[in-house]
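Colleague: I'd like to go over a predicted model; first the sequence, then the structure.
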Amino acid sequence: VSYPNDQRVITPSLVYPMGKTALNISDNGVALIAIALQTSTDETTIAAVTAQQELLLTYLIQEESFLGDEVTLERNQVVIEGITPSVKRILLSKEQRDLYLAHDNGQVSHYDLSDKEEPKLIQRVSVVENSDTISDIRFLTGDISLLIGDSQGHVTQWFLVRNERGDRTLTPIRHFDAGN
């Protein structure tokens, strides 16, 4: 932004925080059916599900050279096979700690990515009634809670709540019915 002659001028520019080279997520060329990405100052996490029902967790760590004049990316990937049933959508929290997979059968899987080398499936929970399906799933501002819509027009807000053992579990907090 500059102000020549007291006029605000915005000059657009492109920035390539991960370099200009394309990132290959699926090394074997399998199609991606869902993808989510979050980035911070020094780390980027990309979660993707392939047509072969694999969860690919790719994370890039920016490293500055000792002299501080060059930045390199260290690429790591963890593959979790056998993600069933089919995934409809993926959500990755801003902190790159929580990953949610919305499945075609109305379930949501919650993975803890605190240790990206060993992501842990924390919970798989049915979030809709009977034969309903998930129509949409989104974070509310701050990525603290989820809004999950179903095929009947209902919306439910879900939070991670600590249970009696202190484990974080997805818990429905309130319901919004169509027309309210």
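Modeller: Happy to help now that I have it. Numbering: from 1, shown residues only.
Colleague: quick one, phi psi at the residue of the chain most remote from its centre?
Modeller: What lies farthest from the middle of the chain is N5; by Cα atoms, centre = their mean that is 44.6 Å. As for N5, its main-chain torsions (degrees, to the nearest 10) stand at phi 50, psi 40.
Colleague: list the buried residues of stretch 129-141.
Modeller: For stretch 129-141, burial by neighbour count (16 or more other Cβ atoms under 10 Å) applies to 132, 134-135, 137, 139. For the C-beta atoms, the positions are set from N, CA and C on the backbone; glycine is no exception.
Colleague: in a markdown table: those, plus distance to T84, pLDDT and secondary structure.
Modeller: Formatted as a markdown table, the buried residues of stretch 129-141 follow (distance: Cβ to Cβ, whole Å; pLDDT from 0 to 100; DSSP: H, G, I helix; E, B strand; the rest coil):
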| residue | distance to T84 | pLDDT | secondary structure |
| --- | --- | --- | --- |
| D132 | 19 | 91 | coil |
| I134 | 15 | 95 | strand |
| S135 | 21 | 95 | strand |
| I137 | 18 | 96 | strand |
| F139 | 24 | 96 | strand |
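Colleague: out of those, which is nearest to L37?
Modeller: L37 lies nearest to F139 out of the buried residues of stretch 129-141, by Cβ to Cβ, at 13.6 Å.
Colleague: what are the buried residues along stretch 77-86?
Modeller: 77-78, 83.
Colleague: can you check stretch 157-172 too?
Modeller: Buried residues in stretch 157-172 (16+ other Cβ under 10 Å): 158, 160, 170.
Colleague: about what we covered before: nearest to A51, of the buried residues of stretch 129-141?
Modeller: Looking across those and measuring by Cβ to Cβ, the closest to A51 is I134, at 19.6 Å.
Colleague: pretty sure the closest one is touching A102, no?
Modeller: Yes: between I134 and A102 there is a contact at 5.0 Å, judged by Cβ atoms under 8 Å.
Colleague: need the overlap of contacts for these two.
Modeller: 88-89, 108, 148 (Cβ atoms under 8 Å, 6 or more residues apart in numbering).
Colleague: having no further points to raise, I will conclude here.
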